[in-house]
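J.: Take this sequence and fold it.
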Amino acid sequence: MYIDTHAHPHMDGYQIPAEEFFNLAKASRVEKVIAVGTSAKDSENAIAFANENDNCFASVGLHPHDSKDFAKEKERLGELAKQPGVVAIGECGLDYYYLHSDKNDQITALTYQIELALENNLPMIFHVRNADGNTQAFDDFFEIIDKYNHISGVVHSFTAGESTMEECVKRGLYIGLNGIMTFSKDESQLEAARSVPLDRLLLETDSPFLTPAPFRGKVNHSGHIKIVAEFLAKLRGEELSDLAKVTSDNAKEVFNL
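T.: Next up is the predicted model:
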């Protein structure tokens, strides 16, 4: 069995109806899905979607791209964090690759969401992406989270190198891997994927984005988690059944599923 720890099946314009989405997930032995919020409105949609579908859970967060809207989102995010079916805070973090929001705005939004997670005893779903050729996003991220105790969660869609992965794991965080690994040509990314301790690894799709090979160009869905798992098992030299079981156990532990 598998758990998709990061998906967006609730987002506006998602092309696969909910019933078909869960049928595809079930066909690949996906037992649970987390619908991840990226704004107050999107988080509301994630909660409603989770409450309408069995074995689906929600997270509440403000994506770093939209951190410029933090002031008007803050109060509603705080309210949504307390709703039934919410198992995490995020997707939140720092994205210095696109810089759709100012770095200071991103840091302010991330800091608030860390405190919101601690206040509600919830794990976090982090999005951290460096600009090409530097590590500033992760450097700033580590500086921020090191100010707090008892942060738990996952760095989702991890694409940095092995040393950065080790710094995440050292802080007790999980590493979320998805379809990027199936088409990455970056050996440093693949080496990091090989090296993640199995007890710190989570599987995700980030659907409808990041469709794995050989289905690039088509809408992603949670049923593709098996493709990600098969690729990683081969890459890491592990039995697929072991990887499936341990990553599912990891997800249940960190998100209290």
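
J.: which SSE is F215 in?
T.: Counting by DSSP states H and E, no helix or strand carries F215.

J.: go on, I227?
T.: Residue-wise, I227 maps onto helix 225-236 under DSSP H and E.

J.: And for V219?
T.: Applying DSSP H and E, one finds V219 in no helix or strand.

J.: now swap in L243 and tell me
T.: helix 240-255.

J.: Would you mind listing the buried residues in that helix?
T.: 243-244, 246-248, 250-251, 254-255 (16 or more other C-beta atoms under 10 Å). The way it works is simple: take the backbone N, C-alpha and C, and place the C-beta from them, glycine included.

J.: Next: stretch 136-151.
T.: For stretch 136-151, by 16+ other C-beta under 10 Å, it's 137-138, 140-142, 144-145, 151.

J.: Can you name every helix or strand that the helix holding L243 contacts?
T.: In terms of contacts (3 or more C-beta pairs under 8 Å, 6 or more residues apart in numbering; DSSP states H and E), helix 240-255 is packed against strand 2-7, strand 30-35, strand 201-203, helix 225-236.

J.: Which one, of these, ends up nearest to Q189?
T.: Smallest distance to Q189 across the helices and strands packed on helix 240-255 (C-beta to C-beta): 10.8 Å, for helix 225-236.

J.: was I right about I16 contacting H10?
T.: No - I16 is not in contact with H10 according to C-beta atoms under 8 Å; the separation is 11.3 Å.

J.: Settle it for me: which of these two has more neighbours?
T.: Neighbours were tallied for I16 and for H10 using other C-beta atoms under 10 Å; the higher tally belongs to H10 (24 against 18).

J.: Find the helix or strand that the closest residue in space to the more buried one that isn't next to it in sequence is a member of.
T.: In space, and not counting its chain neighbours, H10 is closest to F49: 3.6 Å by C-beta to C-beta, 6 or more residues apart in numbering. Following DSSP H and E, one finds F49 within helix 40-52.
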